[in-house]
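Undergrad: please find the sequence and the predicted model below.
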Amino acid sequence: MLFCAALGKLTIRSWVSLPLLFLGSATGVAALIDLLALQSAPTLRSELSLSAPLLFGFAAGLALFSADQVQWRFRWQRLGLRIGYPLAMVACAVALDALTIPIGAALIIGPIAAVLLASMLMRNADAGDEADYLPS
């Protein structure tokens, strides 16, 4: 079952980076919202507190549900990484209560992660479109 048409087939490296880029992008969006809407006197030196269970839970779900799109090469990868990586994210979600980072750092990390995530998704979608037109 195709998780998302934009994902296409993923390499192991892109699958591993997908939840991490999601975490960075979500952090940047939260920092922007906090800076623009929630603070009465916004500064870049103030701290941003994020829900670690929420973020890492979504990242674990993303890793788990996108694992079908990966071109696994070896059985140990299919068994170890496919189960172990989402479980490591769930362990982070359970172990951490909150993440606190400076808003300035989040505003730097967020756009970079969002651009990398968008370029990875566009590259995978283009590769999927090219594979549809290749003769078999």
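TA: Everything's here; your move.
Undergrad: all strands of this protein, in order?
TA: Using DSSP state E, the strands of the chain run over residues 47-51, 98-102.
Undergrad: tell me how far stretch 11-20 lies from the chain's centre.
TA: Centroid separation for stretch 11-20 versus its chain: 8 Å, with Cα atoms, centre = their mean, to the nearest Å.
Undergrad: for stretch 81-99, same thing?
TA: Centroid separation for stretch 81-99 versus its chain: 13 Å, with Cα atoms, centre = their mean.
Undergrad: what does it rub up against?
TA: Stretch 81-99 is contacted by residues 12, 16, 19, 27, 49-57, 59-61, 63-64, 67, 70, 72 when judged by Cβ atoms under 8 Å, 6 or more residues apart in numbering. Backbone N, C-alpha and C define where each C-beta goes, glycine included.
Undergrad: got any ranges where this structure has weak pLDDT?
TA: 1-7, 38-40, 42, 127-136 (pLDDT under 70).
Undergrad: run through the helices of it in chain order.
TA: If DSSP state H is used as the criterion, the helices of the chain fall at 12-33, 52-66, 75-76, 82-95, 103-133.
Undergrad: and the first one, how far out from the chain middle?
TA: Helix 12-33 has its C-alpha centroid displaced from the chain centroid by 4 Å (Cα atoms, centre = their mean).
Undergrad: again with the second one
TA: A distance of 8 Å separates the centroid of the chain from that of helix 52-66, by Cα atoms, centre = their mean.
Undergrad: can you point out the buried residues in that helix?
TA: By 16 or more other Cβ atoms under 10 Å, the buried positions in helix 52-66 come out as 52, 53, 55, 56, 57, 58, 59, 60, 62, 63, 64, 66.
Undergrad: just the longest one next, same as before
TA: Of all the residues in helix 103-133, those buried under the rule 16+ other Cβ under 10 Å are 103, 106, 107, 109, 110, 113, 114, 117, 120, 121, 124, 128.
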